[in-house]
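Chemist: Here is the input, now give the coordinates:
(4 chains)
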There are 2 protein chains.
Amino acid sequence: MPIRDDPAGRTPDRVRDRPTWLLNRAHARSVAMLHAGFEAHGDGLRGYHYRLLAALEQWGPASQADLGRDTGIDRSDVTAALLELERRSLVARRVDPEHKRRNIVTITPDGLTTLRTLDGVIEQIQRDVLAPLAADEQRQLLALLTRLVRG
Amino acid sequence: MPIRDDPAGRTPDRVRDRPTWLLNRAHARSVAMLHAGFEAHGDGLRGYHYRLLAALEQWGPASQADLGRDTGIDRSDVTAALLELERRSLVARRVDPEHKRRNIVTITPDGLTTLRTLDGVIEQIQRDVLAPLAADEQRQLLALLTRLVRG
DNA sequence: TCCCAATGTTGATGGCGCCAACATATGTCG
DNA sequence: CGACATATGTTGGCGCCATCAACATTGGGA
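Modeler: The predicted model follows:
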């Protein structure tokens, strides 16, 4: 999904230094690296799956709707991603006996193992993404991005 | 295309502070704003169209292949976007008499006008995107992103 | 009780990027 | 010159992430 990696292409001046363009490129860079990492070690799982597993690990069993709210993933995409996770036995789904319209989703031991593996892969990618910057610059960037995002 | 704007959703800890996640969110923010801007004032044009117009304005007439290289847009996508731009008379295409397999694309006066309009819209969006930061922080962020992207 | 809200599912759409295949035109090298 | 490779534009398909519409089911509140 990244734009062409090849920076050989001249970028129009009016585009090249714009904040939105830089954010786009930086994002493309990180997505490309994540993609490569998931490709190599993610066993076919994608960002959605990781986010769902992470949410389940952190807050325990939840309904699909809650998972969607907690991860910012649309209900319909939650359904699709959970089907895949269930197929791999990384999560289990059962109907909530209290509210029969609701599915309670639980992460399985295998799911936890997978989550930990992905954690390692992703941590390495974080380092790779930030590699062009010195340690203090990395901290600066993260602080600024955090303020940008939360602001 | 941004992830859900609603930041109410709790984000899993292991995700929330990761550089790739922050870049993703910052990008989502800028894309959402760009989307809204194009929606309101872009007359249905998309990022591809703007980039092509910008490249034509800056470097003058070019073949479609060159446009693709200069903008990082795939040849096939260049074709589609130019069809739309031609339909709106924002660009003109003619066969290169020297190399009959080649189309020479030229921006029209209307195209220039549209480009300037979009420029204004986009400039405003840049300001909005960076609004949470003070002026010196904005400069810092841009410098860091530039190094990240070029590094 | 009746209506409305929430839930899970299916299916479709859009933006952006990628790639394969093809016909056509243009070299280049034996 | 002729065979071969290369560049170009076009078509069509795929993938990822995000969004929305519509629906049946279930539950809660007025």
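
Chemist: use CA for all of it now, contacts and neighbours both
Modeler: Will do.

Chemist: and the helix or strand harbouring residue A:50, is it in reach of chain B?
Modeler: In this structure, residue A:50 is located in helix A:47-59 according to DSSP states H and E. Yes. Residues of helix A:47-59 contacting chain B under Cα under 8 Å from any Cα of the partner chain: A:51, A:54-55, A:58.

Chemist: mind checking how far the residue nearest the centre of chain A is from residue A:105?
Modeler: For chain A, residue A:47 is the residue whose C-alpha lies nearest the centre (Cα atoms, centre = their mean; 3.9 Å). According to Cα to Cα, to the nearest Å, residue A:47 stands 18 Å off from residue A:105.

Chemist: ok, now residue A:66?
Modeler: Using Cα to Cα, we find residue A:66 at a distance of 10 Å from residue A:105.

Chemist: what do you get for residue A:145?
Modeler: Between residue A:145 and residue A:105 the computed distance is 32 Å (Cα to Cα).

Chemist: For residue A:98, grab the count of nearby residues.
Modeler: Residue A:98: 7 surrounding residues under other Cα atoms under 10 Å in any protein chain shown.

Chemist: give me phi/psi at it?
Modeler: Torsion angles at residue A:98 (phi, psi; degrees, to the nearest 10) stand at phi -80, psi -40.

Chemist: Help me confirm that residue A:89 is found in a strand?
Modeler: No. Using DSSP: H, G, I helix; E, B strand; the rest coil, the assignment for residue A:89 is coil, not a strand.

Chemist: For it, give me its contacts.
Modeler: The contact partners of residue A:89, by Cα atoms under 8 Å, 6 or more residues apart in numbering or on different chains, come to A:108, A:110-111.

Chemist: cool, residue A:112 as well?
Modeler: Taking Cα under 8 Å, 6+ apart as the test, what residue A:112 contacts is A:53, A:57, A:90.

Chemist: same deal with residue A:17?
Modeler: Contacts of residue A:17 were listed using Cα under 8 Å, 6+ apart, and they are residue B:146.

Chemist: and it, what pLDDT?
Modeler: Note on residue A:17: pLDDT of 85.

Chemist: For it, what are phi and psi?
Modeler: The phi/psi pair for residue A:17 (degrees, to the nearest 10) is phi -100, psi 10.

Chemist: Next, find the distance separating it from residue A:58.
Modeler: 39 Å.

Chemist: is the lowest-mean-pLDDT helix or strand in chain A anywhere near chain B?
Modeler: Sorting the helices and strands of chain A by mean pLDDT, DSSP states H and E puts helix A:13-16 at the bottom, at a mean of 81. Yes. Counting by Cα under 8 Å from any Cα, chain B is contacted by helix A:13-16 at A:13-15.

Chemist: And the contacts of that helix?
Modeler: A:21-22, B:51, B:54, B:58.

Chemist: Can I get these in JSON lines including distance to DNA strand D, neighbour count and pLDDT?
Modeler: Below are those laid out as JSON lines (distance: Cα to the nearest atom of the strand, whole Å; neighbours: other Cα atoms under 10 Å in any protein chain shown; pLDDT from 0 to 100):
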{"residue": "A:21", "distance to DNA strand D": "17", "neighbour count": "19", "pLDDT": "90"}
{"residue": "A:22", "distance to DNA strand D": "18", "neighbour count": "24", "pLDDT": "92"}
{"residue": "B:51", "distance to DNA strand D": "16", "neighbour count": "22", "pLDDT": "95"}
{"residue": "B:54", "distance to DNA strand D": "17", "neighbour count": "25", "pLDDT": "95"}
{"residue": "B:58", "distance to DNA strand D": "18", "neighbour count": "13", "pLDDT": "94"}
